[in-house]
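> Pasting a predicted model and its sequence here:
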Amino acid sequence: MFYEAPHRLRAMLADLAAVFGGGDGGDDGGRGRPRRCAVCWELTKKFERVWRGTVDEAVEAAGSDTRGEIVVVVEGAGGDGSGEEPGGDDRAGGSPYVNSQLAEAAVEAVSRAEAGDASLKDAAGQVARERMLPVRRVYAEAIRVRENQTD
């Protein structure tokens, strides 16, 4: 994620295209295509606008009369267009750290439910709130853990 001034936007996007684009010498991660990006103007304001495309297309799309606060978000190196993070799975957010936190929370929720303290849903909600994790993801993972225990 980059914050950029309007008068430097085109030059910055050209630099991004040179490094992350699909042209010669670009670091496309061996994927054979340029990285995707989003150029965002005036986020959280009345005239908020977001443009999405590749870094190569962004250079062409950026106008010379650009004004306002600008944020440029570039796809990570492991992106394959699937919407999943590298090395992870979509249900858990992709990060190995998040996956392990969800797994630990799910096991604890199943243990609490089996101890008779609460239903699985309630136990998952309690554990998720204690660990500041998404309740739905902890509950879904707890269901998987419980199903795997009975197999």
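Looks like it arrived, so ask away.
> tell me the helices in the protein, going along the chain?
Listed in chain order, the helices found in the chain under DSSP state H are 9-20, 55-61, 96-114, 120-131, 135-150.
> check contacts around Arg131.
By C-beta atoms under 8 Å, 6 or more residues apart in numbering, the residues touching Arg131 are Gln101, Ala105, Val138. Using the backbone N, CA and C atoms, a C-beta is placed for each residue, glycine as well.
> Check what pLDDT it gets.
You'll see Arg131 listed with a pLDDT of 81.
> rewinding a little: in a markdown table: the contacts of Arg131, plus neighbour count and distance to Ala118.
Listed next are those as a markdown table, based on neighbours: other C-beta atoms under 10 Å; distance: C-beta to C-beta, whole Å:
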| residue | neighbour count | distance to Ala118 |
| --- | --- | --- |
| Gln101 | 19 | 20 |
| Ala105 | 26 | 14 |
| Val138 | 26 | 13 |
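> I'd like to know which of the residues you listed is nearest to Val19.
Gln101 (32.8 Å; C-beta to C-beta).
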